[in-house]
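Asker: Quick one, structure for this:
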Amino acid sequence: MSQEFCYQISPPILSVGSDRDLSIESRLQELPMYTFEVSVSCTGKEVAKYFDKYPLLPGVILLEHGKFYGMISRRRLVEFLVRPHGEDLLAKEPLEVIYSYVRRTILQLPETTPILTAMYHTLKRSPEFLAEPIVVQTAENTYKLLDIQELNIAAWQIRGIETQVRYERSQAQMIQNDKMASLGRLVDGVAHEILDPVGFIWGNLTHISNYTQDLLKLIAAYENNCSNCCHTIDAIKEEIEFDYLEQDLSKALTSARSGAERLKKLVTSLQNFCHIDAIYPKPVDLHACIDSIVILIKSRLKGEIRIVKNYGKLPPVPCYLGQFNQVLMNILSQSVDGLLDEAVRQQLQPDSQHNLKQAEIVISTQVISKPASTPNAPDARWVEISITDNGPGIPDELQKQMRENFSIEKRADKETSLAVSYRIITARHGGHLNFRSQLGKGTEFEILLPLL
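Answerer: Model (predicted):
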């Protein structure tokens, strides 16, 4: 075949793609692709010369009046050539006529399509089309051809990267679980060491209070029965401010009892948070779980955030206590961080001082019913836990990222606390984790757990 090329056809251009290594989120624009656009008025013989010179060229893109018309792959052109009288038609007829004979379904994707998504669409095609190249549309509204072999190689590389990432994550998760188990055992031991002396203090405070009252009664009896008190006793009473001591002693004992009680609750909450889950879920008092987590985060509130509890009547709910506590801590921490950041922002803006509002987190619980997924089945019963704040809200772009992290199809490079919470609620507990947010009004997180 003659090597004289048609001057109306521009030679194919191979874009080398990105010079960086592929990642899980790599897109088609990072792969090498051919740019070979030809008018439908050219003959097949003229195009065939370019296929001889460029053996890796997967096909040709057809244009009509500068607009995309279609695509003919090298394979289809060869099949047309071996037909009876195919070579004559190839030499005489324009590509428009040839395309009408070999017209096939074309897979056309934008260049921003992830490589794994493109591979998914490719495998959904009929077996006869699996070897056909992909038409890639660029941002400049031009078209390129991607050889399916290049896509296969890239997809396998990414699968290898994904397998390695999963392995590293599983190893990191195993190490993290081992650390949490060790920490849980350590905290449990320390908590017992703290609770023992607290128990001694708590038990003895009752006796001390009773002994004190008895001694005060004895002193009062002495005063009533001894009309002429010794001047020495009067001097001592004045020196120790007996009247004030008598009034303040009961208050001091009450304060000590309150402090011991708070310390006991704090240590118990810490024990519950570091609880090591069993193999199977166990019935749990969700209100006690919420109260424990609220006690732990109160050190961050500093009186700036008010927590309101609207508890309904809940039965014990089967769940993994340690993991569920982690979910509550993650969500409440998210709300607290947003409220504290908003408080700092308002303090730095003098104009907004008169519009200051009390930062508030409302925790509500109730049992709700939802229609069953199958007809004629009774309504499903769920426990709903709503955590609502009146903070600044979450921007739309960040909400989109959060939902992408929730998605199973999204392979995030870094796990977020809310994504972990989502998987704990959905995968481990068979529930749902939803959120709604509006700028300037606040955010609501909703946890739904099934009642068996």
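
Asker: Check whether residue 195 really touches residue 265, as I assumed.
Answerer: No: contact criterion Cβ atoms under 8 Å: residue 195 and residue 265 do not qualify, at 10.8 Å. C-beta here means a position set from N, CA and C on the backbone, and glycine is covered the same way.

Asker: the more surrounded of the two?
Answerer: For residue 195 and residue 265, the more surrounded residue by other Cβ atoms under 10 Å is residue 195, and the numbers stand at 16 against 13.

Asker: Quickly find the element holding that one.
Answerer: helix 148-225 (DSSP states H and E).

Asker: did I read that right, residue 136 in a helix?
Answerer: No: if the criterion is DSSP: H, G, I helix; E, B strand; the rest coil, then residue 136 is strand and not within a helix.

Asker: measure stretch 417-435 end to end?
Answerer: 14 Å (Cα to Cα, to the nearest Å).

Asker: What mean pLDDT does it get?
Answerer: Averaged over stretch 417-435, pLDDT sits at 87.

Asker: quick one: contacts of it?
Answerer: 281, 319-320, 323-324, 326-327, 330-331, 333-334, 382, 394, 399, 402, 405-406, 412, 443-450 (Cβ atoms under 8 Å, 6 or more residues apart in numbering).

Asker: out of the residues you listed, which are inside strands?
Answerer: 319, 382, 443-450 (DSSP state E).

Asker: Could I get the buried residue list for the helix or strand where residue 257 lies?
Answerer: Residue 257 is part of helix 242-273 when elements are defined by DSSP H and E. Neighbour-count burial for helix 242-273, counted by 16 or more other Cβ atoms under 10 Å, picks out 249, 253, 257, 260, 263-264, 266-267, 269-273.

Asker: As JSON lines, the residues you listed with pLDDT and distance to residue 163 would be great.
Answerer: Below are the buried residues of helix 242-273 laid out as JSON lines (pLDDT from 0 to 100; distance: Cβ to Cβ, whole Å):
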{"residue": "249", "pLDDT": "82", "distance to residue 163": "70"}
{"residue": "253", "pLDDT": "83", "distance to residue 163": "65"}
{"residue": "257", "pLDDT": "82", "distance to residue 163": "59"}
{"residue": "260", "pLDDT": "81", "distance to residue 163": "54"}
{"residue": "263", "pLDDT": "81", "distance to residue 163": "49"}
{"residue": "264", "pLDDT": "79", "distance to residue 163": "49"}
{"residue": "266", "pLDDT": "78", "distance to residue 163": "44"}
{"residue": "267", "pLDDT": "79", "distance to residue 163": "44"}
{"residue": "269", "pLDDT": "75", "distance to residue 163": "40"}
{"residue": "270", "pLDDT": "74", "distance to residue 163": "38"}
{"residue": "271", "pLDDT": "71", "distance to residue 163": "39"}
{"residue": "272", "pLDDT": "71", "distance to residue 163": "37"}
{"residue": "273", "pLDDT": "72", "distance to residue 163": "34"}
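
Asker: got any ranges where the stretch 301-450 of the chain has weak pLDDT?
Answerer: Residues of the stretch 301-450 of the chain that meet the criterion pLDDT under 70 lie in 302, 350-356, 372-379, 407-415.

Asker: That one: helices as residue ranges?
Answerer: For the stretch 301-450 of the chain, the helices defined by DSSP state H, counting those that start in this stretch cover 321-348, 396-406, 417-423.

Asker: right, and the ones you listed - which one's nearest residue 16?
Answerer: helix 396-406 (30.1 Å; Cβ to Cβ).

Asker: could you give the angle of the closest one to strand 442-450?
Answerer: 20 degrees (axes from the mean of the first three to the mean of the last three Cα atoms, to 10 degrees).

Asker: and helix 396-406, C-alpha only, in PDB?
Answerer: C-alpha atoms of helix 396-406 as PDB (Å, rounded to 0.1, in the frame of the first residue of the first chain):
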ATOM      1  CA  ASP A 396     -22.700  21.900  51.100                       C
ATOM      2  CA  GLU A 397     -19.300  20.900  49.800                       C
ATOM      3  CA  LEU A 398     -18.300  19.400  53.100                       C
ATOM      4  CA  GLN A 399     -21.700  17.600  53.300                       C
ATOM      5  CA  LYS A 400     -21.000  16.100  49.900                       C
ATOM      6  CA  GLN A 401     -17.600  14.800  51.000                       C
ATOM      7  CA  MET A 402     -19.100  13.300  54.200                       C
ATOM      8  CA  ARG A 403     -21.700  11.500  52.100                       C
ATOM      9  CA  GLU A 404     -19.100  10.200  49.700                       C
ATOM     10  CA  ASN A 405     -17.100   8.900  52.700                       C
ATOM     11  CA  PHE A 406     -20.300   7.100  53.900                       C
END
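
Asker: Any chance you could list what contacts that helix?
Answerer: Against helix 396-406 from outside (Cβ under 8 Å, 6+ apart): 394, 410, 412, 416, 418-419, 422, 433, 435, 437.

Asker: quick one: residue 113 from residue 122, how far?
Answerer: Separation of residue 113 from residue 122 (Cβ to Cβ, to the nearest Å) stands at 11 Å.

Asker: typo on my end, it should be residue 274
Answerer: 48 Å.

Asker: if we can go back for a sec, got the ones in strands among the contacts of stretch 417-435 as JSON lines, with distance to residue 149 and neighbour count columns?
Answerer: Listed next are those as JSON lines, based on distance: Cβ to Cβ, whole Å; neighbours: other Cβ atoms under 10 Å:
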{"residue": "319", "distance to residue 149": "50", "neighbour count": "25"}
{"residue": "382", "distance to residue 149": "50", "neighbour count": "18"}
{"residue": "443", "distance to residue 149": "48", "neighbour count": "23"}
{"residue": "444", "distance to residue 149": "50", "neighbour count": "17"}
{"residue": "445", "distance to residue 149": "47", "neighbour count": "23"}
{"residue": "446", "distance to residue 149": "48", "neighbour count": "16"}
{"residue": "447", "distance to residue 149": "48", "neighbour count": "24"}
{"residue": "448", "distance to residue 149": "47", "neighbour count": "20"}
{"residue": "449", "distance to residue 149": "49", "neighbour count": "21"}
{"residue": "450", "distance to residue 149": "48", "neighbour count": "15"}
